[in-house]
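Chemist: Sequence and predicted structure below; questions after.
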Amino acid sequence: MTVAALLLGRAGSKGFPGKNLYPVLGRPLMAYPLLAAQGSQFVQHLYVSTDSPAIMQVGRDYGATIIQRPPELCSDQALGEDAFVHGYQVIRDRLHLASQSLEFMVLLFANAATITGALIDQGIEILRADPTLDSAVTVSRYNMWSPLRARKLMPDGCLHPFVPFEIFGDPQTLSCDRDSQGDVLYADMGVSIVRPHCLEDLVSGLLPQKWMGQRIAPIPSWGGVMWTMNGKFREWNIGCNSTVIMRFERDDVKSDRL
């Protein structure tokens with residue numbers, strides 16, 4: 001049984017053109033998840049699925065095998081889950097020819113700069129310790145963005161609760177304290193480590209990221225993917241990612257591993 005990592009990155013970002021190749025601390029953004037996969041003690045195969053010649057070259061520079069993504073999976077309307085399934089099927093079939101089978105797939109995005117090899121290994125160990133789990137994914141805690149605080153604009157021109165307060169209990173006892181509902185965890189797309197059956201039977205997975213299956217374990221993290229942002233917010237996001245990367249690299253600068 002083997003562990004393969006698959007990174008997605010395409011050329012056609014509209015909100016932040018070229019974001020996957022954007023230089024961060026002297027490397028293209030997509031180099032960091034590749035380094036994380038290389039730094040894992042369990043990942044044995046590394047692949048990049050893309051339509052971009054430039055991304056292909058960076059992938060090769062960091063030791064990845066390239067999967068040519070079909071045009072229909074590279075549009076603005078294409079879903080990441082379908083690109084993951086396509087890449088998985090290519091990897092599965094290639095490994096089968098070599099008489100190998102997959103234990104786990106490590107699913108990565110090119111703009112997830114804050115992932116590390118240690119987080120990947122933590123997720124793999126979680127799954128090995130509990131065969132009933134479908135996946136382990138990085139999560140970031142954002143209590144400020146509790147569903148209790150979410151609002152939506154209604155036809156009357158006013159803000160209304162996005163989720164009925166009754167979902168959280170008696171509205172008379174609810175608190176405005178951001179921590180009152182407990183920790184609010186978001187799958188931050190830093191990494192998803194999944195069993196192959198999750199990609200074989202995508203329709204059975206939980207929305208919105210169906211590749212994670214049904215029983216999903218958390219890997220505590222912070223940051224995840226660098227979201228597409230414009231102007232000052234983009235620079236702020238890049239700065240945050242740079243700070244986290246420097247923290248992770250501080251103890252191992254010479255090894256070029258994360």
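Modeler: It's in. Numbering: from 1, shown residues only.

Chemist: For residue 123, pull up the helix or strand it's in.
Modeler: helix 117-129 (DSSP states H and E).

Chemist: Alpha carbons only: can I get the helix or strand just after that helix in CSV?
Modeler: Next helix or strand after helix 117-129 toward the C-terminus (DSSP H and E): strand 135-141. Taking C-alpha atoms only, strand 135-141 is exported to CSV below (Å, rounded to 0.1, in the frame of the first residue of the first chain):
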residue,chain,number,x,y,z
SER,A,135,-10.7,11.4,6.0
ALA,A,136,-8.6,13.8,8.1
VAL,A,137,-8.5,17.5,7.0
THR,A,138,-6.9,20.7,8.3
VAL,A,139,-9.3,23.0,10.1
SER,A,140,-9.0,26.6,11.2
ARG,A,141,-10.9,28.0,14.2
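
Chemist: that older thread, what does the helix holding residue 123 contact?
Modeler: With contact meaning Cβ atoms under 8 Å, 6 or more residues apart in numbering, helix 117-129 is reached by 3, 5, 35-43, 104, 106, 133, 135-138, 190-191, 193, 195, 217, 219, 221, 257-258. (Glycine included, C-beta is placed from N, CA and C.)

Chemist: Filter the residues you listed down to the buried ones.
Modeler: Buried subset of these (neighbour count, 16 or more other Cβ atoms under 10 Å): 3, 5, 35-40, 42-43, 104, 106, 133, 135-138, 190-191, 193, 195, 217, 219, 221, 258.

Chemist: What about those, which are in strands?
Modeler: With DSSP state E as the criterion, strands contain 3, 5, 104, 106, 135-138, 190-191, 193, 217, 219 from among the buried ones among the contacts of helix 117-129.

Chemist: Now the two most distant members of those.
Modeler: Using Cβ to Cβ, the two most remote members of those are 5 and 217, lying 18.2 Å apart.

Chemist: How about residue 71, nearest residue that isn't a chain neighbour?
Modeler: residue 51 (6.9 Å; Cβ to Cβ, 6 or more residues apart in numbering).

Chemist: looking at it, that neighbour is touching residue 75, isn't it?
Modeler: No. Using Cβ atoms under 8 Å, residue 51 is not in contact with residue 75, being 9.9 Å away.
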